[in-house]
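Asks: Build me a structure from this.
(one chain, ligands or ions: 2)
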Amino acid sequence: MRLETITLHHIKMPLRSPFQTSRWTELDRECLIVEARADGLTGWGECVAGAIPNYSYESTKTAWHILEDFLIPLVLESDLADVPAYHALIEPISGHPMARAGLELALWDLFAQRAGQSLRDHWGGTADRVKVGVSVGIQSSPERLLEVVDGYLADGYRRIKLKIKPGRDVSEIGIIRRHHPDLLLQGDGNSVYRIGDAEHLKALDDFGLLLLEQPLGMDDIVDHARLQPQLKTALCLDESIHTVDHARWAIELKACRIINIKPGRVGGYWIGKQIHDLCRANGLPVWMGGMLETGVGRAANLALAALPGFTLPGDTSASARYYHQDIITQPFTLNTEDSTLSVPTGPGLGVTIDRDALKAVTIGSRTFTRS
Ligand code: OSB
Ligand code: MG
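Replies: Ligands and ions are numbered 1, 2, ... in the order given. Prediction:
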């Protein structure tokens, strides 16, 4: 496939409520929407790098730089047979997984449309619906947190993930567990604890958590392997897993019992699928993480989460949990009877971009053309 144009849309969307983790707070969602044209088709992708390099070192500006100066020129000079050929083409460029993943998704959308398949079918997914929960940020007090969680339960969500940090962990998880003894509940430390906190983290074993996500350092596997045998609670790695090798090392070292797959973090859906396959072969459950995606990334995340190894509820909540107005014409809504989102079935991503809504949140754009 010879791409004719690639457009980057830098967008900024206000979040319905601030999202606070152990290390940062987000008020708005910035990201890049990638629009690629070839053979009369338009493919869409989402690069999830945000305004500030907090969750990882990437930001919308570094991603724009990597896309504009390296990835897009390579693609516009080439005739790509498939998505693996894209990965071979950009292999000399190191790092920047979110930038790579954003363009990769636009290519997946084009190749799946050309094959007349939904992304789910293209990737071999089987599920029609994906179980989902909500990732709830740190609130002003445990009492306020309980109100917020009760609101999501009233909306129909059946799994809750709580952001935690030292001093805002045992109290927050404790109050939710006391009020909801049977709720599927999990915590996410976003890399703020250290191995010296092992005794403190053991207190969380009393709450019957589904899992504890990434308590220790952003690149750590070794200390998580020291921590896991000291806990009853299953550890789940997020920030530490960027490659298939990282997943293999984590499995070999028994650093976790579960892995959260975020396509942006690992450089796209192709590698995300490989991590899924590796975990499945080794008996580790996986689940779909989230980066507060727009409807574009959300559609693709649901398609990948339709693979059989995604056995735990994901962070792919409905559009309205994040935004008053999504950039797709049919926002994702929760199936309240089973706390699921339906996997799109149309060709490619299976969603339609709302051009007016996209325009309203665009703060910069540029089109690159094959010369
Ligand atoms: O650690 O999983 C995380 C959002 C942004 C960056 C990191 C994380 C998150 C979430 C929210 O937890 C996931 C979502 O609802 O999209
Ligand atoms: Mg996380």
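
Asks: ok, and the closest non-adjacent residue to Asp277?
Replies: Nearest residue to Asp277, sequence neighbours excluded (Cβ to Cβ, 6 or more residues apart in numbering): Gly309, at 7.4 Å. (Each C-beta comes from the backbone N, C-alpha and C, glycine too.)

Asks: residues touching that neighbour, list them.
Replies: The contact partners of Gly309, by Cβ atoms under 8 Å, 6 or more residues apart in numbering, come to 276-277, 279-280, 285-286.

Asks: Try it again at 7 Å.
Replies: Gly309 sits next to 276, 279-280, 286 when contact means Cβ atoms under 7 Å, 6 or more residues apart in numbering.

Asks: among the residues you listed, which are in strands?
Replies: If you go by DSSP state E, the contacts of Gly309 have Val286 in strands.

Asks: JSON lines for the contacts of Gly309, including neighbour count and pLDDT?
Replies: Putting the contacts of Gly309 into JSON lines (neighbours: other Cβ atoms under 10 Å; pLDDT from 0 to 100) gives the following:
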{"residue": "His276", "neighbour count": "24", "pLDDT": "98"}
{"residue": "Cys279", "neighbour count": "22", "pLDDT": "98"}
{"residue": "Arg280", "neighbour count": "16", "pLDDT": "98"}
{"residue": "Val286", "neighbour count": "26", "pLDDT": "98"}
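
Asks: Between which two of the contacts of Gly309 is the distance greatest?
Replies: For the contacts of Gly309, the farthest-apart pair by Cβ to Cβ is Arg280 and Val286; their separation is 7.7 Å.

Asks: where do the strands sit along the stretch 251-371 of the chain?
Replies: 258-261, 286-288, 340-342, 362-369 (DSSP state E, counting those that start in this stretch).

Asks: hang on, the earlier thing: tell me which entries of the contacts of Gly309 lie within helices.
Replies: Among the contacts of Gly309, the residues falling in helices (DSSP state H) are 276, 279-280.

Asks: Determine which of the strands of the stretch 251-371 of the chain approaches ligand 1 most closely.
Replies: Each of the strands of the stretch 251-371 of the chain has some distance to ligand 1 by Cβ to the nearest ligand atom; the shortest is strand 258-261, at 6.7 Å.

Asks: could you say what helices and strands that closest one packs with?
Replies: On a contact count with 3 or more Cβ pairs under 7 Å, 6 or more residues apart in numbering; DSSP states H and E, strand 258-261 meets strand 235-237, helix 269-281, strand 286-288.

Asks: so how far is that strand from its chain's centroid?
Replies: With Cα atoms, centre = their mean, to the nearest Å as the basis, strand 258-261 stands 11 Å off its chain's centre.

Asks: these two touch, right, Gly102 and Ala36?
Replies: No - under the criterion of Cβ atoms under 7 Å, Gly102 lies out of contact with Ala36, with a separation of 10.3 Å.

Asks: so who does the closest residue to Ile328 other than its chain neighbours touch?
Replies: Closest residue to Ile328 apart from its sequence neighbours, by Cβ to Cβ, 6+ apart: Gly295 at 3.2 Å. By Cβ under 7 Å, 6+ apart, Gly295 lies in contact with 319, 326-328, 331-332, 351.

Asks: Ala255 now?
Replies: By Cβ under 7 Å, 6+ apart, the residues touching Ala255 are 221, 224-225, 228, 235, 237.

Asks: circling back: among the contacts of Gly309, which are in reach of ligand 1?
Replies: Applying Cβ under 6 Å from any ligand atom to the contacts of Gly309, one finds that nothing falls near ligand 1.

Asks: Looking at the contacts of Gly309, which one is closest to ligand 1?
Replies: Val286 (13.6 Å).

Asks: what pairs with that closest one across the strands?
Replies: Beta-bridge pairing for Val286 (DSSP bridges): Ile259, Phe310.

Asks: any idea how far Ala306 is from it?
Replies: Between Val286 and Ala306 the distance is 12 Å, computed by Cβ to Cβ, to the nearest Å.

Asks: same check, this time on Tyr152
Replies: Counting by Cβ to Cβ, the separation of Tyr152 from Ala306 is 23 Å.

Asks: Closest to Gly50 out of the contacts of Ala255?
Replies: Nearest to Gly50 out of those is Leu237 (Cβ to Cβ; 20.6 Å).

Asks: Tell me what the closest one is bridged to.
Replies: Here Leu237, judged by DSSP bridges, has bridge partners Ile259.

Asks: Point me to the residue of the chain nearest ligand 2.
Replies: Nearest residue of the chain to ligand 2, counting by Cβ to the ion: Asp238, 3.7 Å away.
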